[in-house]
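Asks: Give me the fold of what follows.
(one chain, ligands or ions: 1)
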Amino acid sequence: MTTAGTTTDASSATTAHAPAGAVVAFERVTKTYGAVKAVDALDLDLHPGETVALLGPNGAGKSTTLDLLLGLKRPDSGTVTLFGTSPREAIVAGRVGAMLQSGGLMEGVTVAELVRLACDLHPRRYPVDEVLLRAGLTGIADRKVDDLSGGQAQRVRFALATAGDSDLIVLDEPTTGMDVTTRRAFWATLREQAEQGRTVLFATHYLEEADAVADRVLVLHRGRLLADGTAAEIKAKAGVRRISFALDGDIDEAALRALPFLTTLDVHGQTVRIRSSDADATVHALYGLGLYPRNLEVAGLGLEQAFVALTEAEEEARQW
Ligand SMILES: Nc1ncnc2c1ncn2[C@@H]1O[C@H](COP(=O)(O)OP(=O)(O)OP(=O)(O)O)[C@@H](O)[C@H]1O
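Replies: Sure thing, here's the model as predicted:
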C-alpha cells in the first residue's frame with residue numbers, strides 16, 4: 001500500500017494497493033434522526049481490493065452509511081475507522097476519493113479548472129489531463145460546469161473522486177443520469193481502478209450493475225445488514241427458485257397450488273410457472289401427481305428478484 005503523503009505526483013507510479021488490515025471498519029455504529037434509526041448497530045469490515053456494492057430500498061440507510069464513513073456525519077454510538085485512523089485523517093492523507101449524490105459543483109468555472117483544483121488539493125495528485133481523459137471529459141474540458149448535462153456532471157464528480165491516487169473510492173449512486181454507453185465506459189474505468197488494488201464501495205439502485213461489477217454485495221434494510229456475500233450467495237440466500245414447464249390437457253390448478261414448498265403459481269395456457277423454496281421437493285411431488293411436465297426448467301432468482309424477496313420477507317417478519 002502506498003503510504004499517505006509520500007508521493008506528490010502519482011502519475012508515474014504503478015501503485016500496489018494491496019495491503020493487510022481493514023480498509024473500513026464499522027463497529028456497532030448507530031445513527032438516529034429523531035425516531036428514525038437510519039443506521040442500526042452496524043458492524044462492517046471492508047477489505048483491501050474489494051469492489052463492494054451497497055444495495056437497499058429507499059431509506060435503507062445507504063447514504064447515511066457513506067456519510068458516516070466519510071466523516072460527514074458522526075455516529076451516535078460506535079466507531080468508524082478508515083485504515084485504522086479516523087475518516088478525517090484518512091481523507092486529509094488523500095487515501096479516500098468520494099463521489100457523492102448530492103454534491104453540488106462549483107459554478108462559473110470550466111470543467112478543466114474544477115478538475116485542476118481537485119488535483120491541486122490532492123496529496124497524491126494525478127496530472128489534470130490524465131484525470132480528464134479517464135473520466136471521458138477531454139472533449140468538454142473548456143465547457144462551463146453550469147452548462148453540463150446530468151450525465152456529464154456525474155462524470156465531473158467521478159473525475160473529482162479520482163483526481164489523486166486514493167486507496168479507497170466511495171461512490172453514492174454514481175451512474176444516475178448516465179446513458180447506457182457512458183455507464184458502460186464508467187464501469188470499465190472503475191474496474192481498472194479496482195484492478196490496481198483499490199477498494200471500491202458504491203451504493204446503487206441498479207442491481208444489474210451490482211451483479212456485474214461487485215465481488216461483494218451488501219443488502220442494507222432499515223439500517224441493518226440483511227445480507228453480505230457474493231451476488232451468487234445473495235441469490236441463494238433468498239432461497240427461492242423458479243420452476244417452469246408445460247403440461248398437456250386440462251390443468252388442475254388446485255392440485256398444483258397444493259404442491260409442497262410452492263410460494264407462487266402462475267398458469268398461462270399450457271405453461272406453468274412456480275416459485276418454490278425447495279425446488280427438489282416440489283418437482284418430486286409434481287411427478288408424484290402423475291403429471292408429465294415438458295420443457296422443465298429450474299433456475300435461481302436474478303439478483304433483483306432475490307433482493308425483492310429478501311427485503312419483502314424481512315418486512316413480513318417485522319409485521320408478526
Ligand atoms: N437529515 C435527516 N433528517 C432526518 N431524517 C433523515 C435525514 N437523513 C436521512 N434521514 C432518514 O434516515 C433514513 C435513511 O436515509 P438514507 O438517505 O441514508 O437512506 P438511503 O438508503 O440512502 O435512501 P435512498 O435510496 O432513497 O437514497 C430514512 O428514513 C431517511 O428519511
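Asks: Tell me the residues of the chain that contact the ligand?
Replies: 33, 36, 38, 56, 58, 59, 60, 61, 62, 63, 64 (CB under 6 Å from any ligand atom). Any C-beta I mention is one placed from the backbone N, CA and C, and that applies to glycine too.
Asks: so the residue sitting furthest away from the middle of the chain, which of the three states?
Replies: Going by CA atoms, centre = their mean, the residue of the chain most distant from its centre is residue 249, 46.3 Å out. What DSSP: H, G, I helix; E, B strand; the rest coil gives for residue 249 is coil.
Asks: Need the pLDDT of it.
Replies: Listed pLDDT for residue 249 reads 91.
Asks: again, but for residue 310
Replies: Residue 310 is assigned 81 on the pLDDT scale.
Asks: cool, residue 178 as well?
Replies: Reported pLDDT for residue 178: 85.
Asks: Just the strands from the chain, written as ranges.
Replies: Counting by DSSP state E, the chain has strands at residues 24-33, 36-46, 51-55, 77-82, 96-99, 168-172, 199-203, 216-221, 224-229, 241-246, 262-268, 271-276, 294-300.
Asks: okay, these in a markdown table with mean neighbour count and mean pLDDT next?
Replies: Shown next, in a markdown table, are those (neighbours: other CB atoms under 10 Å; pLDDT from 0 to 100):
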| stretch | mean neighbour count | mean pLDDT |
| --- | --- | --- |
| strand 24-33 | 17 | 96 |
| strand 36-46 | 18 | 95 |
| strand 51-55 | 25 | 95 |
| strand 77-82 | 17 | 96 |
| strand 96-99 | 23 | 92 |
| strand 168-172 | 24 | 94 |
| strand 199-203 | 25 | 95 |
| strand 216-221 | 24 | 93 |
| strand 224-229 | 18 | 91 |
| strand 241-246 | 18 | 93 |
| strand 262-268 | 13 | 92 |
| strand 271-276 | 19 | 94 |
| strand 294-300 | 12 | 91 |
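Asks: surely residue 209 meets residue 175?
Replies: Yes: assessed by CB atoms under 8 Å, residue 209 is found in contact with residue 175 at 6.7 Å.
Asks: The two: which has the busier surroundings?
Replies: More neighbours surround residue 175 than the other of residue 209 and residue 175, with 22 against 19 (other CB atoms under 10 Å).
Asks: Let me see the contact set for residue 86.
Replies: Applying CB atoms under 8 Å, 6 or more residues apart in numbering to residue 86 gives the contacts 71, 80.
Asks: Need the per-residue pLDDT for residue 205.
Replies: pLDDT, residue 205: 85.
Asks: Phi and psi next, for the closest residue to it other than its chain neighbours.
Replies: Spatial nearest neighbour of residue 205, excluding adjacent residues (CB to CB, 6 or more residues apart in numbering): residue 173 at 6.6 Å. Torsion angles at residue 173 (phi, psi; degrees, to the nearest 10) stand at phi 50, psi 60.
Asks: shouldn't residue 173 be in contact with residue 100?
Replies: No: with contact defined as CB under 8 Å, residue 173 does not reach residue 100; the gap is 9.2 Å.
Asks: Quick one: the helices in the stretch 51-200 of the chain, in order.
Replies: 62-69, 87-92, 111-121, 128-134, 150-161, 180-195 (DSSP state H, counting those that start in this stretch).
Asks: give the contact list for the residue nearest to residue 214 when sequence neighbours are not counted.
Replies: Distances taken as CB to CB, 6+ apart place residue 53 nearest to residue 214, at 3.7 Å, with adjacent residues excluded. By CB under 8 Å, 6+ apart, the contact set of residue 53 is 202, 203, 204, 209, 210, 213, 214, 216, 217, 218.
Asks: For the nearest residue to the first one once chain neighbours are set aside, give its distance to residue 279.
Replies: The one in question is residue 202. Spatial nearest neighbour of residue 202, excluding adjacent residues (CB to CB, 6+ apart): residue 171 at 4.1 Å. According to CB to CB, to the nearest Å, residue 171 and residue 279 sit 36 Å apart.
Asks: Ramachandran angles for residue 86?
Replies: Given degrees, to the nearest 10, the pair of backbone angles that residue 86 has is phi -70, psi 160.
Asks: pretty sure residue 282 is touching residue 243, no?
Replies: Yes: the criterion here is CB under 8 Å, and residue 282 meets it with residue 243 at 6.2 Å.
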